[in-house]
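Novice: A structural model of the following input is requested.
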Amino acid sequence: MTKKDILSFFKTLSSLNPHPESELHYTNAYTLLIAVILSAQATDAGVNKATEALFKVIKTPEDMIHLGEKGLLPYIKTIGLYKTKAKNIIRASHLLIEHFNSKVPSIKKDLESLPGVGPKTANVVLNVAFHQATFPVDTHVFRVCNRTGLAPGKDPKTVEHKLEKVVPDPYRKKAHHWIILHGRYICKARNPLCNLCPVSSWCAYFKKLKPRLPSVSPLSHNKH
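Specialist: Below is the predicted model:
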């Protein structure tokens, strides 16, 4: 995409959904961190179902330590890799108490020092909880960036670095949400809804389609 294309891409998504938000449910920075750790190789819907009951009893690292690993397991057993995630969550909670005064740190390297927290998880927390302009790259973001030509790359790190360079300033803090929601509901892995796509005019994939699919007005695009 050209700079003009990228500007139009985000301007269109912004006009359709001015205030995009994470679909993970949380009550504070700590519960957001827990939800994001749980979301690895899991759907947001599945995590929200599990945390609905958990977050009624857990608000702080101290709450989690009091609950303990054995107490946590029943709440998250429907989530993939739940035993490993439980161990990481308990260890991370201990470290938050010991090294960060029970507060979730707002510095990436500090977040990545916690068990179960990699670059993507850290970036999500920084973006959602602390409103920093970060670019977490999950499967949806990776797919959209490569398929559209927005920020193509062979691996998430390359895509992240390209997004850092090309996303225009007015859209940097919310870009992650627009891209992930677009990938989740329109630019799907299988059978992308190109005929409903409000940004198909600037999409490299759409331009290669033959025969050309009918374009639909952005006004008909549902907000998510």
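Novice: How about the backbone phi and psi for the closest residue to residue 49 other than its chain neighbours?
Specialist: Leaving aside its sequence neighbours, residue 49 sits nearest to residue 78 (CB to CB, 6 or more residues apart in numbering; 6.9 Å). The C-beta positions use only the backbone N, C-alpha and C, and glycine is treated the same way. Phi and psi for residue 78, reported as degrees, to the nearest 10, are phi -80, psi 0.
Novice: Just confirm residue 78 contacts residue 50, I think it does.
Specialist: Yes - shown here, residue 78 and residue 50 form a contact pair, counting by CB atoms under 8 Å, at 5.6 Å.
Novice: So which of the two has more stuff around it?
Specialist: Using other CB atoms under 10 Å, the more surrounded residue of residue 78 and residue 50 is residue 50, with 20 against 12.
Novice: Which residues are in contact with the more buried one?
Specialist: Residue 50 makes contact with 38, 75-76, 78-79 under the criterion CB atoms under 8 Å, 6 or more residues apart in numbering.
Novice: at 10 Å instead, please
Specialist: Contacts here follow CB atoms under 10 Å, 6 or more residues apart in numbering; on that basis residue 50 touches 35, 38, 42, 74-79, 82.
Novice: Compare those and tell me which is most surrounded.
Specialist: Most neighbours among the contacts of residue 50, by other CB under 10 Å: residue 38, with 28 neighbours.
Novice: Test my guess that that residue contacts residue 25.
Specialist: No - using CB atoms under 10 Å, residue 38 makes no contact with residue 25, being 11.1 Å away.
Novice: All set now, cheers.
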